[in-house]
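Participant: need coordinates for the following:
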Amino acid sequence: MMTLFWLVLGLIYLASLGLIFVIILRKPQPSAALAWILSIVFLPIAGALLYLVFGSGRLMRTNRRKQRANQQVRLNLLSQGGEVKSQAEKILKDLPAPLENIATLTSRLGSFNVLEGNQVRFLNSAEAAYDEMEKAITSAEHHIHLQSYIIQPDHIGRRFQELLIKKASQGVMVHLLYDAIGSYEMGKNKEFLAAFREAGIYPREFLPLRTFLRPWNLNLRNHRKILVVDNRIGFTGSLNIGGEFLTQTDSPDYDRWRETHLMMEGPAVTQLQWVFAEDWFFTTHIELSTEAFFQPAPPCGEDLVQVIASGPDDSRGAIHQSVLSAINEAQESVDLITPYFIPDETFLITLEMASRKGVDIRLIVPRKADHTFVSLATRSYYTRLLKSGVRVFEYQPGMLHTKLMTVDGHFSVIGSANLDIRSFGDNFEVNVQLYGARSAGEAQRIFEGDLENSREILLPSFMNRPMRKRVAENSCRLLSPLL
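Facilitator: Numbers count the residues shown, from 1 in each chain. The predicted model follows:
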């Protein structure tokens, strides 16, 4: 019996060591590769399991399946006409050079072209966003596509459930997609799911939890928040569905919660529809690429809009590169709001370079994030930012969950992506890039409002913090690839 035990243990050890060769072949960053190799050498079984869950990222079969799903949906839609390329080229030529550069790079990264004729509206609280989302759902005549990282089966989740069931009873097609980890409470609530199914709505779970069969799925999450109604009205941004995200939050840890969502009308809603259709096809193998779902909405405003999606299936890191491009193109100012700031080295260097060439950069993060170790890891970057001239502010009243960026008063970004390693690589994310002074001005007003409720971090006082805090911050930073 003991001989068999040691034989099995030896085989497991050899298999773990075999992962070293996989890491050498697949990890582009030497520091990351070395960290995983050392973990496996000294903790063979635990290190191998951790690598399968957190380290294999975009290289596993799951991501290749997602790529094929995206390609299949886009091929089908392009065969139906897709976007008018000549219109996109004309829009690009009319943009100032810095904005043209951002838009061109974004489209070449496999995302969408800039579309004109849209009307966008920033919704600066969960209450405002939920109200507009409910109005849009109530107005649906053909279909409702709802996707969220978190859907809680609480009083807010049930409000949406009642609306969706009512519309389904009226003959409206309802497709509902939720993330297996983010919406874990929903996934295990049989009564909540059964109510949907009885109404003919079949919620689908993105990358279900199959710990032993596919452990790497635990680390690949769909963080997107999308609502599309009749391909006419679209919503995306930072807001999940649940009572804890209300301004007067249900969360016991905060007095206030700050969200910002975006409402879109016009031709660019089709781009959000594409992103949903890709995720739906990947999850269900059912195409939503019929013309009935993709009748373009007529122009209804003057906003220029470009949707950008990325995830671990995207080796180019589209959102990461587009944000870096925007910072590089900045000539006067960059203002950033993010709940989680755990950047990679490239992002840090880009901020430092922009600041040192004279660009005014301001960053707002929450004083207290919803995970203590995230706040500690974030503060470990302050010294480097402050020394390069970046101004850092901590939002005081509660949890700031908004993800927002403005550049030079003419470009803005809102979406689901945080400024962290996870959003840049491990999560499926979607952002909306807005070109023009009107939308950027609206985003800027949101930034200034949050700035009034924030306290600036000054280098001299920050450097005097106790040693125990520095140790805690730097220790949490070591876990940054996992946060």
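
Participant: please name the nearest non-neighbouring residue to Y202.
Facilitator: Spatial nearest neighbour of Y202, chain neighbours left out: F196 (7.0 Å); criterion: C-beta to C-beta, 6 or more residues apart in numbering. For the C-beta atoms, the positions are set from N, CA and C on the backbone; glycine is no exception.

Participant: for that neighbour, give me its contacts.
Facilitator: Taking C-beta atoms under 8 Å, 6 or more residues apart in numbering, we find F196 in contact with 161, 164-165, 176, 202-203.

Participant: tell me the one among those residues nearest to G398.
Facilitator: Q161 (26.8 Å; C-beta to C-beta).

Participant: just give the closest residue to that closest one, not the sequence neighbours.
Facilitator: A195 (6.4 Å).

Participant: count of neighbours near the one you found?
Facilitator: 17 (other C-beta atoms under 10 Å).

Participant: circling back to that earlier point, in JSON lines, list the contacts of F196 along with secondary structure and pLDDT.
Facilitator: Shown next, in JSON lines, are those (DSSP: H, G, I helix; E, B strand; the rest coil; pLDDT from 0 to 100):
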{"residue": "Q161", "secondary structure": "helix", "pLDDT": "98"}
{"residue": "L164", "secondary structure": "helix", "pLDDT": "98"}
{"residue": "I165", "secondary structure": "helix", "pLDDT": "98"}
{"residue": "L176", "secondary structure": "strand", "pLDDT": "98"}
{"residue": "Y202", "secondary structure": "coil", "pLDDT": "94"}
{"residue": "P203", "secondary structure": "coil", "pLDDT": "96"}
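
Participant: just these now: which is nearest T106?
Facilitator: Once C-beta to C-beta is applied, the member of those that ends up nearest T106 is L176, at 28.9 Å.

Participant: and the residue nearest to Y202, that one's in a helix?
Facilitator: Yes: secondary structure assignment places F196 in a helix (DSSP: H, G, I helix; E, B strand; the rest coil).

Participant: mind listing residues that contact stretch 379-391?
Facilitator: 341-343, 348, 351-352, 355-356, 360-363, 392, 456-459, 462-463, 469, 473-474, 476-477.

Participant: so which bits of that stretch are buried?
Facilitator: 379-383, 385-386, 388-391 (16 or more other C-beta atoms under 10 Å).

Participant: could you do stretch 300-315 as well?
Facilitator: 301, 303-314.

Participant: what separates it from the chain centre, distance-wise?
Facilitator: 12 Å (C-alpha atoms, centre = their mean, to the nearest Å).

Participant: so where's the stretch 201-350 of the chain uncertain?
Facilitator: 210-218 (pLDDT under 70).

Participant: swap that for the stretch 1-150 of the chain, sorry
Facilitator: Ranges of the stretch 1-150 of the chain meeting pLDDT under 70: 1-86.

Participant: now with 50?
Facilitator: 58-61, 79-83 (pLDDT under 50).

Participant: apart from its chain neighbours, what residue comes closest to A440?
Facilitator: That would be S412: by C-beta to C-beta, 6+ apart, it lies 4.5 Å from A440.

Participant: can you pull the contacts of that neighbour?
Facilitator: Per C-beta under 8 Å, 6+ apart, neighbours of S412: 404-406, 433-434, 439-440, 442-444.

Participant: those residues: which two are farthest apart?
Facilitator: Going by C-beta to C-beta, the pair spanning the contacts of S412 furthest: Q433 and Q444, at 15.3 Å.

Participant: which one's more surrounded, these two?
Facilitator: Ranked by neighbour count (other C-beta under 10 Å), Q433 and Q444 place Q433 first, with 27 against 17.

Participant: how distant is the helix or strand hosting the more buried one from the center of its chain?
Facilitator: Following DSSP states H and E, one finds Q433 within strand 427-435. Chain-centre distance of strand 427-435: 7 Å, with C-alpha atoms, centre = their mean.

Participant: same question, stretch 169-185
Facilitator: Per C-alpha atoms, centre = their mean, the centroid offset for stretch 169-185 relative to its chain is 18 Å.

Participant: and that stretch, C-alpha only, in CSV?
Facilitator: Taking only C-alpha atoms (Å, rounded to 0.1, in the frame of the first residue of the first chain), the coordinates of stretch 169-185 have been written out as CSV:
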residue,chain,number,x,y,z
SER,A,169,-45.6,37.0,-20.9
GLN,A,170,-46.2,39.6,-23.5
GLY,A,171,-44.2,37.8,-26.1
VAL,A,172,-40.9,39.6,-25.7
MET,A,173,-37.8,37.4,-26.0
VAL,A,174,-35.7,37.6,-22.9
HIS,A,175,-32.1,36.3,-22.7
LEU,A,176,-30.3,36.5,-19.3
LEU,A,177,-26.7,35.8,-18.7
TYR,A,178,-24.8,35.9,-15.4
ASP,A,179,-21.4,35.0,-14.1
ALA,A,180,-21.0,31.8,-12.1
ILE,A,181,-18.9,33.4,-9.3
GLY,A,182,-20.1,37.0,-9.2
SER,A,183,-23.8,35.7,-9.2
TYR,A,184,-23.1,32.7,-6.9
GLU,A,185,-26.0,33.6,-4.7
